[in-house]
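A.B. asks: how does the following fold in three dimensions:
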Amino acid sequence: MAACAIDTAIRNIISAGGTLSHLAILDNFCWCSSYDQKRLAQLVEAVRACYDYAVGYGTPLSPARTACLMTLRGMTKKGNSIAVSIPPTLLISAISVMPDLYKTVSAGI
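C.D. replies: Take a look at the predicted model:
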């Protein structure tokens, strides 16, 4: 997921007219409880993939925000304890210098 998100963000900005030599990416992780070993392992692997792809593309990767307690604990109508977690989510944003604004391509054109 992380590798695909970075690859897609970079390909999109390059296809719109950005340059790889002047490109940076930002990550924004929203993860459920990091107390769960399985979810923590998934987070570690996602961070590793971000690092590997940023190094592979030769672009800086700046951490934007990480939220790791996206689990709601509550009670059912019958009084039973329940925990509801969001699915692990990663948002990658890419920014780049565009040498010629008039040659920019967008989906709206």
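A.B. asks: what sits up against the biggest helix by length in the chain?
C.D. replies: In the chain, taking DSSP state H as the definition, the longest helix is helix 37-57. Here helix 37-57 makes contact (CB atoms under 8 Å, 6 or more residues apart in numbering) with 1-3, 6-7, 10, 20, 23, 25, 27, 29, 31-34, 60-61, 68, 85, 88, 90, 92. Placement of C-beta: from N, CA and C, glycine included.
A.B. asks: could you pick out the buried ones from the residues you listed?
C.D. replies: Among these, those buried by neighbour count (16 or more other CB atoms under 10 Å) are 2, 6, 10, 23, 25, 27, 29, 31-32, 34, 61, 68, 88, 90, 92.
A.B. asks: mind checking which of those are in strands?
C.D. replies: The members of those that map onto strands under DSSP state E are 23, 25, 27, 29, 61, 90, 92.
A.B. asks: run through the bridge partners of the second one.
C.D. replies: Going back to what we said before, that points to residue 25. residue 61, residue 94 (DSSP bridges).
A.B. asks: contacting residues around the residue nearest to residue 66 when sequence neighbours are not counted?
C.D. replies: Leaving aside its chain neighbours, residue 66 sits nearest to residue 29 (4.4 Å; criterion: CB to CB, 6 or more residues apart in numbering). Residue 29 sits next to 43, 46, 47, 65, 66, 67, 68, 88, 89, 90 when contact means CB under 8 Å, 6+ apart.
A.B. asks: what do you get if the cut-off is 7 Å, keeping everything else the same?
C.D. replies: Neighbour list for residue 29: 43, 66, 67, 90 [criterion: CB atoms under 7 Å, 6 or more residues apart in numbering].
A.B. asks: then residue 16?
C.D. replies: Counting by CB under 7 Å, 6+ apart, residue 16 makes contact with 104, 105, 106.
A.B. asks: for it, give its distance to residue 28.
C.D. replies: Distance of residue 16 to residue 28, computed by CB to CB, to the nearest Å: 20 Å.
A.B. asks: with residue 73 instead?
C.D. replies: Residue 73 is 24 Å from residue 28, by CB to CB.
A.B. asks: equivalent analysis for residue 66, please.
C.D. replies: On the measure of CB to CB, residue 66 and residue 28 end up 8 Å apart.
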